[in-house]
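Participant: no sequence on this one, just coordinates:
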């Protein structure tokens, strides 16, 4: 049978054209990939000549690309990079062995007026298992030097600043990542019924990522939230039950302050929870009001399980106002004025002004949170997800 030339050509085209196109495209892609590696400074030597075979070069390049290096360390060989630090003091005249640190960190913003109370707190945290860091908001350091733990503690000074101002600037997660748990406490806490080592035993066993010791209401001068009140029948509690008009907390409650909540007075964070909480601290909002309602998001899982109040190791809240205490003279306020106010005198009540500012910060924090949730289309609220399942 006679075959027309055009039919034969069409038949060959049908057989070979797709294969030819596929081979050509593959060849071009491989060529472009190899050329991109050649022109990259990261994968060429000083003379622009390959070291070794093409296959080994490509494999090595892909392996290098897959490594994750801390930001800013890309120009360094991986083995020399120290991505984290700690607050441990090092000797000047003898070598310091590199070993894994198995400690936790206690950070307190303290003034000299509360020296006795802070000393009692520090003695509950043995230096063998804890590092102590004091934020001196009144500028007084030398008058602490008679205390036995003074020399092993870290002392940071900034006049009239809060503990959250200090924490944001001096407790970056990479700096404190060596510590298993991080205590960020106020200075006016009684610790007669508290031991740090026993507290951490309970926290580990219960799997608490964020926690606080309970408060004894019969001995404390101030208890602001019912969930922090000590329950004498339990070792740990994670929720409260109440029905006071608009305030209702039951078994199905999934949001703070019914569950998944601790107060900013004496929070304790796991290493991973602090990495999240540090980012929650707003750089310009120094009082931290409003943060307590959002800390549960940093609990590494279900906040109704991973956030709790420890009842068997409890505190006394003395409620002593010290930071910014006294009365300040009436004058035009300045954002750059950080000088400590005098203890007495006519003018404005400093405590009232501080509380007014803290309340304003809380409103601003809430606005920022609402705006952030609205703008981040990829973010999913775990509280809402549980509510929908119920």
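Facilitator: All right, it came through fine. Since we're looking at a predicted model, the values are computed, not measured.
Participant: Give me the pLDDT value at residue 230.
Facilitator: Among the per-residue scores, residue 230 shows a pLDDT of 94.
Participant: Which residue is the nearest non-sequential neighbour of it?
Facilitator: residue 214 (3.7 Å; CB to CB, 6 or more residues apart in numbering). Every residue, glycine included, has its C-beta placed from N, CA and C.
Participant: Is the one you found bridged to anything, and to what?
Facilitator: Taking DSSP bridges, one obtains residue 314 as the residues bridged to residue 214.
Participant: Show the low-confidence segments of the stretch 151-300 of the chain, by residue range.
Facilitator: Regions of the stretch 151-300 of the chain meeting the criterion pLDDT under 70 are absent.
Participant: so residue 182 sits in a helix?
Facilitator: No: counting by DSSP: H, G, I helix; E, B strand; the rest coil, residue 182 is not found in a helix; it is strand.
Participant: in the sheet, who's paired with it?
Facilitator: With DSSP bridges as the rule, residue 182 is bridged to residue 105, residue 269.
Participant: burial count for it?
Facilitator: 26 (other CB atoms under 10 Å).
Participant: pretty sure it contacts residue 103?
Facilitator: No: using CB atoms under 8 Å, residue 182 makes no contact with residue 103, being 10.6 Å away.
Participant: on that earlier part again, ok, the residue nearest to residue 230 touching residue 226?
Facilitator: No: applying CB under 8 Å, one finds residue 214 not in contact with residue 226, separated by 11.1 Å.
Participant: If you count surrounding residues, which of the two has more?
Facilitator: Ranked by neighbour count (other CB under 10 Å), residue 214 and residue 226 place residue 214 first, with 27 against 15.
Participant: tell me the domain ranges of this structure?
Facilitator: Residue ranges for each domain of the chain read 24-60, 103-327+338-389, as given by automatic domain parsing.
Participant: want to throw those into TSV with distance to residue 86?
Facilitator: As requested, those are exported to TSV (distance: least, CB to CB, whole Å):
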stretch	distance to residue 86
domain 24-60	32
domain 103-327+338-389	4
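Participant: hey, which of these is tucked in deepest?
Facilitator: domain 103-327+338-389 (a mean of 17; mean count of other CB atoms under 10 Å).
Participant: Just checking the distance from that domain to the centre of its chain.
Facilitator: 12 Å (CA atoms, centre = their mean, to the nearest Å).
Participant: how far away is residue 294 from residue 149?
Facilitator: Using CB to CB, to the nearest Å, residue 294 is found at 34 Å from residue 149.
Participant: same thing with residue 300?
Facilitator: 31 Å.
Participant: cool, and residue 316?
Facilitator: 21 Å.
Participant: go on, residue 357?
Facilitator: Distance from residue 357 to residue 149, by CB to CB: 33 Å.
Participant: Residue 106 reaches residue 130, doesn't it?
Facilitator: Yes: in this structure, residue 106 is within contact of residue 130 by CB under 8 Å, at 5.5 Å.
Participant: how close does residue 303 get to residue 382?
Facilitator: When distance is defined by CB to CB, residue 303 is 7 Å away from residue 382.
Participant: now the strands: where do they sit in this protein?
Facilitator: 103-110, 130-136, 154-157, 179-185, 189-190, 210-215, 236-237, 242-244, 247-249, 268-270, 307-317, 327-328, 348-349 (DSSP state E).
Participant: what about the helices in the stretch 1-150 of the chain?
Facilitator: 5-39, 54-66, 115-122 (DSSP state H, counting those that start in this stretch).
Participant: likewise the stretch 251-390 of the chain?
Facilitator: Using DSSP H, counting those that start in this stretch, helices in the stretch 251-390 of the chain cover 271-280, 303-306, 350-375, 382-389.
Participant: Nearest to residue 165 among the ones you listed would be which one?
Facilitator: For residue 165, the closest of the helices of the stretch 251-390 of the chain is helix 350-375, at 11.7 Å, according to CB to CB.
Participant: That closest one - contacts with which helices or strands?
Facilitator: Contact partners of helix 350-375 among helices and strands, from 3 or more CB pairs under 8 Å, 6 or more residues apart in numbering; DSSP states H and E: strand 327-328.
Participant: Do me a favour and average the pLDDT over the strand it packs on.
Facilitator: 40.
Participant: Let me see the contact set for the spatially closest residue to residue 226 that is not a sequence neighbour.
Facilitator: Sequence neighbours aside, residue 240 is the residue nearest to residue 226 in space, at 5.4 Å (criterion: CB to CB, 6+ apart). With contacts defined as CB atoms under 8 Å, 6 or more residues apart in numbering, the neighbours of residue 240 are 226, 227, 249, 257, 258, 259.
Participant: what phi and what psi does the backbone show at residue 240?
Facilitator: phi -130, psi 160 (degrees, to the nearest 10).
Participant: Distance of it relative to residue 260?
Facilitator: From residue 240 to residue 260 the distance is 11 Å (CB to CB).
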